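Chemist: Provided below are the primary sequence and the corresponding predicted coordinates.
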Number of protein chains: 2
Amino acid sequence: MAERISDAEHAVMEVLWRRAPLTATEASDALAPDRGWSLQTVKTLLSRLVTKGVVATEADGRRYLYRPLVEREDYVAHESQRLVDRLFGGRVTPLVAHLAETQQLSDSDIAEIEALLKALKP
Amino acid sequence: MAERISDAEHAVMEVLWRRAPLTATEASDALAPDRGWSLQTVKTLLSRLVTKGVVATEADGRRYLYRPLVEREDYVAHESQRLVDRLFGGRVTPLVAHLAETQQLSDSDIAEIEALLKALKP
DNA sequence: GGTTTATAACTACAGATGTAATCGTTCGAA
DNA sequence: TTCGAACGATTACATCTGTAGTTATAAACC
């Protein structure tokens, strides 16, 4: 995942992560409600993702099936780390503090996070 | 802050947030250790930030002093929200869960966050 | 078997971005 | 008073990104 995935490309990755393998047409259909891109646009984005090495193709007759080569988990981890590095000096605690302060956290949100933290303790 | 701030531009904003107002040369000097950009590059980035309406200039003799027009707090909030929206369906709890799981949180990190959460409760 | 249709491959093109170089002007030093 | 240094303004240019259009080909239908 050395190559950066752009915003538009990320939208395509999301549908692949949700239900790969897909043909270009299927991916385009899945994206239509949200983005309304033409089929050609989706094909361009798929090609770029293949070039970047994050999506693989598999021949299915005379068309391709596309499937992601990187796990969503890894992408999410990578992007989250990028944000933490860029904006919070690489430290997670200030990010959590920021989120806690600026977001509306319900009581159950807080309880959930507390439970999570408790589980992490030795 | 309607216009997006690019990565390189963001690096310039950071030095302005740290010690504005600065001349272009001062900003360039401050960025040199990390990025090693030429003075011209920094000037270009400053101009673009001015065009985008996120940095203001003030004449100081025949040069400019640059200062940010957006608060770092606002930028951080905006970018954090963007990440939460793009990767966690707009919900903060899954992000915190993800961070808690993938990061090395020390005992004191956990304690700090717990204290934060406690303070948020009614 | 000729014609439409689906598909991949190639091309296009404007705007953003990273990274400067050059031009024109003014101020200060010699 | 002239010359160079310091600045802002303008221009440059390759790459990436968003968003397609066009072309070539094979398959399917009639």
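Modeler: Done, it's in.

Chemist: residue boundaries of the helices in chain A?
Modeler: For chain A, the helices defined by DSSP state H cover A:7-19, A:24-35, A:39-51, A:72-88, A:92-102, A:107-120.

Chemist: And chain B, is the second one touching that?
Modeler: Meaning helix A:24-35. No - Helix A:24-35 lies apart from chain B when judged by Cβ under 8 Å from any Cβ of the partner chain; the minimum separation is 12.3 Å. Just so you know, the C-beta spots here come from the backbone N, C-alpha and C atoms, and that holds for glycine as well.

Chemist: The first one too?
Modeler: Yes - between helix A:7-19 and chain B, judged by Cβ under 8 Å from any Cβ, the touching residues are residue A:10.

Chemist: which residues sit against that helix?
Modeler: A:5, A:22, A:27, A:30-31, A:34-35, A:42, A:45-46, A:48-49, A:52, A:54-55, A:66-68, A:72, A:75, B:86 (Cβ atoms under 8 Å, 6 or more residues apart in numbering or on different chains).

Chemist: Got a ChimeraX select line for the buried ones in those residues?
Modeler: Burial among the contacts of helix A:7-19 is assessed by 16 or more other Cβ atoms under 10 Å in any protein chain shown; the matching ChimeraX selection reads:
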select /A:5,22,27,30,31,42,45,46,48,49,52,54,55,66,68,75
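
Chemist: hmm, back to that, a markdown table for the helices of chain A, including mean pLDDT and distance to residue B:102?
Modeler: Putting these into a markdown table (pLDDT from 0 to 100; distance: least, Cβ to Cβ, whole Å) gives the following:
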| stretch | mean pLDDT | distance to residue B:102 |
| --- | --- | --- |
| helix A:7-19 | 97 | 17 |
| helix A:24-35 | 94 | 27 |
| helix A:39-51 | 97 | 24 |
| helix A:72-88 | 95 | 5 |
| helix A:92-102 | 88 | 9 |
| helix A:107-120 | 88 | 11 |
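
Chemist: right, and those helices - which one's nearest residue B:59?
Modeler: Closest approach to residue B:59 among the helices of chain A (Cβ to Cβ): helix A:72-88, 31.6 Å.

Chemist: Identify each buried residue in that closest one, please.
Modeler: So for helix A:72-88, counting by 16+ other Cβ under 10 Å, buried means A:75, A:76, A:77, A:79, A:80, A:83, A:84, A:87, A:88.

Chemist: Tabulate those residues (TSV), appending distance to DNA strand D.
Modeler: Listed next are the buried residues of helix A:72-88 as TSV, based on distance: Cβ to the nearest atom of the strand, whole Å:
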residue	distance to DNA strand D
A:75	14
A:76	18
A:77	19
A:79	13
A:80	18
A:83	16
A:84	20
A:87	19
A:88	23
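
Chemist: and chain B, which of those reach it?
Modeler: Within those, those near chain B by Cβ under 8 Å from any Cβ are A:76, A:77, A:79, A:80, A:83, A:84, A:87, A:88.
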